[in-house]
Structures are given as structure tokens and as C-alpha cells.
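# 3D model of this:
(chains A and B)
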Protein chains: 2
Amino acid sequence: MNHFSYDQLFNFSRNIFLAMGCPEDDATTAATTLLSADMRGVDSHGVARLSGYVRLWEKKRINAQPNVRVVHESPSTAVVDGDAGLGLVVAPFAMQVAIEKAQNAGTGWVAVKNSNHYGIAGYHAMQALKHDMIGMSMTNASPLVSPTFSKERMLGTNPIAVAIPANEEPPFVGDFATTPAANGKLEVLQRKGENAPYGWIQDKDGQNTDNAHGVREGGAWLPLGGDRLHGGHKGFILGSMVDIFSAVLSGANYGPWAPPFVSFLEPSKDPVGEGLGHFFGAMRVDAFRPADEFKDHMDNWIKRFRESERADENQPVVIPGDPERAYEKERGSNGIPLLQPVEDDLKALGEKFGVSF
Amino acid sequence: MNHFSYDQLFNFSRNIFLAMGCPEDDATTAATTLLSADMRGVDSHGVARLSGYVRLWEKKRINAQPNVRVVHESPSTAVVDGDAGLGLVVAPFAMQVAIEKAQNAGTGWVAVKNSNHYGIAGYHAMQALKHDMIGMSMTNASPLVSPTFSKERMLGTNPIAVAIPANEEPPFVGDFATTPAANGKLEVLQRKGENAPYGWIQDKDGQNTDNAHGVREGGAWLPLGGDRLHGGHKGFILGSMVDIFSAVLSGANYGPWAPPFVSFLEPSKDPVGEGLGHFFGAMRVDAFRPADEFKDHMDNWIKRFRESERADENQPVVIPGDPERAYEKERGSNGIPLLQPVEDDLKALGEKFGVSF
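Residues are numbered from 1 along each chain as shown, chains lettered A, B, ... in the order given. Predicted structure coming up:
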């Protein structure tokens, strides 16, 4: 695997967004959001997805010059219409609205319609940290998950992110899909010819399976928890909450109507809303107690949990955000590794748009 | 099992709270909150717990005449000091503050310190429904759950509830502990001499076990998801979020410092805050879009999910809140069944306080 510097991949992505017709600021925002995934080790959501966004734009499902705007509001809430813009641009706008609402009202909560894939959930939640706010971010997504007792794909992997500031310790940053594992892990198992753990997916008849090809063959992901016996109905509640907050509150498409990211699948002919939906929150810490007091206790919380007794002496307890920070540090020094097919894909994209890679 | 009418158990519980010295209104509120658990089929959180509250009061860990009050606020937030009152009384007060904040600011978010066990999470979230608001409720609890890779009990079963209004359909009401199953299910398995499913708990060394006595023998519950392979680190994030929102935001005890419900275990000598913590939210639906529009789409959401293809023709897909509504209906007609030891316990409690059962 070849390694590439942040600057090279950032500039390339930005130039592609400019070639699509994005205004300068939007291209910068989109490239920043996209690259945050590569830096944090979430390779599936970074530059590897750039050509996917381009294909959606080619299909006229992404508007490169959207009029992103607030269409409904109260002192602590807003609904943003993304005007089919890049989720990578719409989401930072909406998170900024949440932060401004919080500055005035203590908290801010923004539901978004008419958007599409917004990159990694955690990046948006983390924007709150520098304001001494807790940030939250969630989004619905193309259907891939079955409700408990169903064999139909009804929900996306609907991630939830929460970012909580500390003082001397780094922030607590949780960012997780509401499924047992990430979809990319199945592809790794397929390549190795290995089976999937029971409890991840079900086959097309809704039966537990360890066939790593199960989802591709018409099955579905189980919600976080797995089957009913292991609490999968709780993961179904979580995924549903993300879907309802992101899409029913905002007026986007929910459940099985959520439009697919891949350009070769058509969105529903009978939509129940506009585009994909997101939901963001910002809570000013000092709307609850003095910020320094809170952050000192967060330091204590993090230290105490980090020092909790290990089951295996060689495996420390992981505070949410630790692994992604380790990636950022390592990739900041050594660059971002790309799989050969991703590198080839980006080169082809560059040639198509006359942008040097 | 004998069955008892709602009125009999309500009046008995109310009289016990009065005998503890609670004011009339508080006794009514506490009995209403407590009985909502019995009616909704959550037997572990209803009258079966009444003598537990009494024992905490006898130990002076519950204040029957608290000065429950807002101690910090912003337009959309508040912190409530429960003054060591019954959680059954403190929580409804705090949820009402959240609802009033939402009426003015669009949303209301209330963190509570210096409280204790608040009954079922769902009851509090549901108070928002009649105002066309989405309700949320969470609480931390006595440590029983280990973080991923740890063998120490650091978090409670930290439930999350979310209640979302619909129009013709009943509301969506999710209410779940952030563990694979409820603690009471282990007791059932113990009585039957059966093993626990792998993925629920770990033994005292932090190893996966199917020993249904594992937690009693020094082990711990795994977070929702189970072990690391099955996404337990995501359940750990959720349980941590509940702990931080409920206790670090409010100034209550968090993590391993959370005071135990049982009176025979002493709270920490070195507390990091006051009592247990809760967190409540209320979001006015029309702070996002017209309420009728939202509720019509919720009807559509619920119908579509209820009709999603079944894996087993005989097992319909369950919408969160359906099972509890079925209990309410059945118990409204036939009364509330109590296990003999619970009936005996209540009778003894009545004799002690001169309250007829």
C-alpha cells in the first residue's frame, strides 16, 4: 500500500469538488470533512468514497451549488433544507446552526432533510468541543438492517456520535453504527474466505448465519445486540430513533425509503420526504454547571475508566476516541495508506476531470 | 400467583409513602410512578421494590420531605437538586421542568443530581407525549457492567427511554437497559438451573461465561452487544453517555461511585457528587415541523415497520411500546399478579407501618 500526505489527498479532493462546480468554500469544507475520515482510520468513509459522490452528482442526485438554508426554527431548534447538496457541506452548516442556537438557548438541535452521505458522524459532533459544548450527530442511511423478527431491510446502519469535552484528558468521542460491526468487516472476511461470527447478520430467510456473503445474497445486518435473545431489539430501537430524529422530524425519507448511496440503485419512485436526513445536537456545558467543574470531572471519569481492572493485562481499557486519535497521530506523521484499487480509482477520477493526482 | 387490582396496590403504596412522612402530593406521585412499572409488565421495578425504598429511608439515604428545586438554568436547560428525595418524586418534577422549557424554547433538557432509583425510564419519557413532544429519559445506577476489556464493574445497566407521539397509531415507546438483557432474567435461569446464553455476562476474571450465577460470583454484565467481537464497545459508549449526561452534567456520582440501591451496601465514603443522576429531554415536535404532519408520518412509519416481511409467519414485528401496552390492557382487566414472596413482603411492610394491605 502506498502512503499519501494529507495535503495531497486534501488538495486532490478539493479540486475534484471544484471541478463538479462547488463554490470555493464548499469545496474546502467538503474536502476537510471527507479527509477527517481517512485521518481517523475510517477508510470506508474517506477518499475511497470520492468517486461515489461524483457518480451521484453525474446522476443529478447531488447539487453542487445548493441553497442550504434554515426553513423552520425555534430558540433551540431548526430544520435545515440541504437542497440536495453534498452531505459533506450540508452537515457542517447544520452543526454550526446547532452551535449558534446553543450559544443563545443553552442547547441547539437541528434536523436536516434533502441531504445525502455526510462522511463520519464523529467529525460533526466534534465541532462542538472547541466551544465547551457536548456535540451529537446522527444520520439515516440506505436500508441494510432488519428489525427484530423481520427479514426485510428497513433501516440503515444509522450511526450515533457523541463528543464530550474534558480538561487535561482528550475528549470522549464515541462514534458507532447501530449494528454489531461495520459492513467493511464482512468484505475483509469474504476476501480471506472466512466465516462471519454468528450474531452479525441473517440470511434472506431471516435465519442466523455465519456466511460472510449473507448480506450480498439477500440477507441483512442484525441491529446492535444481534438476535432477540442477545438484545437486538434494543439496537432496533436505537436505529429507529436515529431514523425518526433524522428523517421524520426533518421531512426526509425514512426507513426503507432512504435513498441508496450507490448511484446504480435508483431512489424510491414514491418518496415520503426529501433526500436523506441527519440530526445534530450541541449542549453548552455551562448551561448545566460551570465548564471547568464539568471538565475536571470528565478528566476524573476518563482516568478512572482507563485505570479500571483489565481482563487481560496486555489489553488496556479503551476510552472512546482513543483509537481514532492514535490513527490521526500516526497518519499525520506517515501519511494515509490507500489500497491499490482506491489509488487507481482516484487516478482515473483525476484523468477524467483533468485534475492531477 | 394472586392478582391484585391497580387501586389496591396504588392505595397501599401511597399509604406506605405517607407513613414514611411524604407529603400527600408526593405520595400520590410516587405511587403513580411506581405502579406504572407493574402495569407495563416491568415487575422488577414496581411494588416489588417498595420495601427497598423503605429500607433506604430507614437508613436515612432517602429524604421523605425534600426541597426539590432548580439550581442552575438556561432557556432550554436546568439542573435539579433532588435533595435526596425519592427518585419516584424527583424525576416527575424534573421531567415537568423539561416540558416547560420546551414550551418556551422548543426543547428542554434537565440533568438531576442527588436522587435515587426513579422507577421505569419509559414512564418519565411518556409524560411528553400529551404535549405533542418527544420525551427522553435516562439514569445511571449501581455498578454492574464492565467496560469492554475490563473485569471491574464500572457502570449501571443505565437505561434509555424515548417516547415519540403518533396520530392514529399508538406512540413509539422504547425503554431499554444498555445491557443484553435484564438482570431479572438471570434469576429466572438460576431458579430453573439453566445456563445463561453466551454474550450476556462475564466471570470474575473477565472471561465469557454461560454460568447464570456468574454475576453473583463476582463477574459482571457485558454492555449491549456483548463481547468486543459482537459490538459490546458500542454498548459501553451508550452506557457511558447515560452516565455522563445523568451524573457528570448534573453533579451526581458517576461510574463506580454511583450509590447502590440496596440498603445493605454502603455508598462510597469518597463520593464525587451527590446521589444518583438522571437526564430528561423534551422536544416540541412543532419546533421542527407542524405537529400533525409529523404525527401522520409517524403513523406511516409505524404501519410500514409493523408490516415489514416476517422471518417467521407466526411472529409479527414488534413496534417498541407494543408489549407494554398489551400488559397494561391485560392487567387493567385482570389485575396485577404478584409472586408469593412479593405478596408476603408487602404484607409484612403493611404490618410494620400499620397500613392494611
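
# okay but A:Met95 is in contact with A:Gly135, surely?
Yes - the criterion here is CB atoms under 8 Å, and A:Met95 meets it with A:Gly135 at 7.3 Å. From N, CA and C alone the C-beta is placed, and that goes for glycine too.

# common neighbours of these two, please.
A:His124, A:Ala125, A:Gln127, A:Ala128, A:Phe280, A:Ala282 (CB atoms under 8 Å, 6 or more residues apart in numbering or on different chains).

# the least confident helix or strand in chain A by mean pLDDT: which residues count as buried?
Taking mean pLDDT, DSSP states H and E as the measure, chain A has helix A:183-192 as its least confident helix or strand, at a mean of 87. By neighbour count on 16 or more other CB atoms under 10 Å in any protein chain shown, the buried set for helix A:183-192 is A:Lys185, A:Leu186, A:Leu189.

# for stretch A:18-26, same thing?
A:Leu18, A:Ala19, A:Met20, A:Cys22, A:Asp26.

# now do stretch A:87-106
Buried-residue list, stretch A:87-106, by 16+ other CB under 10 Å: A:87-99, A:101-102, A:105-106.

# how many neighbours does A:Pro337 have?
The tally of other residues near A:Pro337 (other CB atoms under 10 Å in any protein chain shown) stands at 15.

# how about it, secondary structure?
strand (DSSP: H, G, I helix; E, B strand; the rest coil).

# my guess is it contacts A:Met1. True?
Yes - applying CB under 8 Å, one finds A:Pro337 in contact with A:Met1, separated by 4.3 Å.

# low-scoring stretches of chain A, by residue?
Low-confidence segments of chain A (pLDDT under 70): none present.

# all strands in it, in order from the N-terminus.
A:2-4, A:69-74, A:77-81, A:107-115, A:133-139, A:160-164, A:172-176, A:201-202, A:208-209, A:220-221, A:276-284, A:336-338 (DSSP state E).

# and the buried residues of helix A:183-192 as JSON lines, adding distance to chain B?
Formatted as JSON lines, the buried residues of helix A:183-192 follow (distance: CB to the nearest CB, whole Å):
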{"residue": "A:Lys185", "distance to chain B": "10"}
{"residue": "A:Leu186", "distance to chain B": "13"}
{"residue": "A:Leu189", "distance to chain B": "12"}
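
# show me where the stretch 251-357 of chain A has helices.
Chain-ordered helices for the stretch 251-357 of chain A, with DSSP state H, counting those that start in this stretch as the definition, fall at A:291-306, A:322-334, A:340-353.

# A:Gly235 is nearest to which of the ones you listed?
helix A:322-334 (21.4 Å; CB to CB).

# ok, and what's touching that closest one?
Contacts for helix A:322-334 (CB under 8 Å, 6+ apart): A:His3, A:Tyr6, A:Asp38, A:Met39, A:Arg40, A:Gly41, A:Val42, A:Gly122, A:Pro170, A:Val173, A:Asp175.

# now do that helix against strand A:172-176, angle only.
100 degrees (axes from the mean of the first three to the mean of the last three CA atoms, to 10 degrees).

# keeping just the C-alphas, turn helix A:322-334 into CSV.
Extracted as CSV, the C-alpha positions of helix A:322-334 are listed here (Å, rounded to 0.1, in the frame of the first residue of the first chain):
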residue,chain,number,x,y,z
ASP,A,322,-8.5,6.8,21.7
PRO,A,323,-8.1,4.6,18.6
GLU,A,324,-9.1,7.4,16.2
ARG,A,325,-6.6,9.8,17.9
ALA,A,326,-3.8,7.1,17.5
TYR,A,327,-4.6,7.0,13.8
GLU,A,328,-4.5,10.8,13.5
LYS,A,329,-1.1,10.9,15.1
GLU,A,330,0.3,8.0,13.1
ARG,A,331,-1.1,9.2,9.8
GLY,A,332,-0.1,12.8,10.5
SER,A,333,3.5,11.5,10.5
ASN,A,334,3.4,8.7,8.0
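
# flag every buried residue along it.
Buried residues in helix A:322-334 (16+ other CB under 10 Å): A:Asp322, A:Glu324, A:Tyr327, A:Glu328, A:Arg331.

# circling back to that earlier point, ok, the buried residues of stretch A:18-26 vs chain B, which is closest?
Comparing these against chain B with CB to the nearest CB places A:Asp26 closest, at 25.3 Å.

# roughly how far does that closest one sit from A:Asn63?
For A:Asp26, the distance to A:Asn63 equals 11 Å [CB to CB, to the nearest Å].

# show me what from the stretch 51-200 of chain A comes close to chain B.
Proximity of the stretch 51-200 of chain A to chain B, by CB under 8 Å from any CB of the partner chain, involves residues A:72-77, A:79, A:104-107, A:109, A:111, A:146-152, A:154, A:162, A:164, A:172, A:174, A:176-181, A:197, A:199-200.

# can you turn the buried part of those residues into a ChimeraX selection?
Restricted to buried positions by 16+ other CB under 10 Å, the ChimeraX selection for these reads:
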select /A:72,73,74,75,76,77,79,105,106,107,109,111,146,147,148,149,150,151,152,154,162,164,172,174,176,177,178,179,180,181,197,199,200
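
# which residue sits farthest out from the middle of chain A?
A:Glu313 (32.6 Å; CA atoms, centre = their mean).

# any idea how far B:Asp205 is from it?
11 Å.

# which ones are touching the residue in the stretch 101-250 of chain A that chain B sits nearest to?
Going by CB to the nearest CB, chain B is nearest to A:Gly206 of the stretch 101-250 of chain A, at 2.5 Å. By CB under 8 Å, 6+ apart, the contact list for A:Gly206 reads A:Ser146, A:Phe149, A:Ser150, A:Lys151, A:Ala220, B:Glu309, B:Arg310, B:Ala311, B:Asp312.

# hmm, which two among these are most spread apart?
Pairwise over the contacts of A:Gly206, using CB to CB, the maximum falls at A:Ala220 and B:Asp312, 14.9 Å.

# of those two, who's got more company?
Comparing A:Ala220 with B:Asp312 by other CB under 10 Å, the one with more neighbours is A:Ala220, at 25 against 12.
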